[in-house]
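1. Here is my input; please provide its structure:
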Amino acid sequence: MATANAPSSAKSDRNGSNPAGFPANGAPPRRRRRWRLILPVVALLVAILAYFWPGIHGYAITGASYGARVGCSCRYVGGRALSDCRKDFEAGMDMITLSEDTQARSVTARFPLLARQTATYREGSGCVLQPWNN
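-> Coordinates of the predicted model:
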């Protein structure tokens, strides 16, 4: 039989803690404080990204388009190796990667996770970008 002074497992003590030392709601207090700090910071970062997304995405598409056209011209008009065509890129285009399809005579430029654009060589017209699907 339980004595009157011993707290039961379902009751909390004077400080509002259960016998395991956690508050009555069961979550450790530091963990709750940490989430109260982290959640607003994450929400702020998501809001900033959403605000600047059109500009970021626009720069990615522009960079991929420029890279595809310059890479295609270098490869199929200039006759140089695709690896040599990176010399023609402007400063700051380090994230753009190039790949080629020799059968289609096209070069595809990619900006990781954001944009991809292909330019195809046409006799008499040179390198032409594929239409955008916006």
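
2. Which of the helices or strands spans Arg34?
-> Per DSSP states H and E, Arg34 falls inside helix 29-72.

3. Can you name every helix or strand that the following helix or strand past that helix contacts?
-> Next in sequence after helix 29-72, counting helices and strands by DSSP H and E, comes strand 97-101. Judged by 3 or more CB pairs under 8 Å, 6 or more residues apart in numbering; DSSP states H and E, the packing partners of strand 97-101 are helix 29-72, strand 106-111. In this view, the C-beta of every residue, glycine as well, is placed from N, C-alpha and C.

4. Among these, show the one with the smallest mean pLDDT.
-> Note on the helices and strands packed on strand 97-101: lowest mean pLDDT is at helix 29-72, with a mean of 87.

5. quick one: it to strand 106-111, angle?
-> 150 degrees (axes from the mean of the first three to the mean of the last three CA atoms, to 10 degrees).

6. what's the angle from helix 29-72 to strand 97-101?
-> Note on geometry: by the same axes, to 10 degrees, helix 29-72 and strand 97-101 are set 50 degrees apart in direction.

7. tell me which strands and helices helix 29-72 is in contact with?
-> Applying 3+ CB pairs under 8 Å, 6+ apart, we find helix 29-72 packed against strand 97-101, strand 106-111, strand 115-122, strand 126-129.

8. most packed of the ones you listed?
-> Among the helices and strands packed on helix 29-72, strand 106-111 has the highest mean neighbour count (mean count of other CB atoms under 10 Å), at a mean of 23.

9. Contacts for it, please.
-> Strand 106-111 is contacted from outside by 60-61, 63-68, 71-72, 75-76, 82, 85, 95-101, 116-121, 127, using CB atoms under 8 Å, 6 or more residues apart in numbering.

10. redo that, cut-off 7 Å
-> 60, 63-64, 67-68, 71-72, 75, 82, 95-100, 116-121 (CB atoms under 7 Å, 6 or more residues apart in numbering).

11. Restrict that strand to CA atoms and write it as CSV.
-> Coordinates of each C-alpha in strand 106-111 appear next as CSV, following Å, rounded to 0.1, in the frame of the first residue of the first chain:
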residue,chain,number,x,y,z
SER,A,106,24.0,19.9,-79.5
VAL,A,107,25.5,21.1,-76.2
THR,A,108,23.6,21.1,-72.9
ALA,A,109,24.5,23.4,-70.1
ARG,A,110,23.3,22.8,-66.5
PHE,A,111,23.2,24.9,-63.4
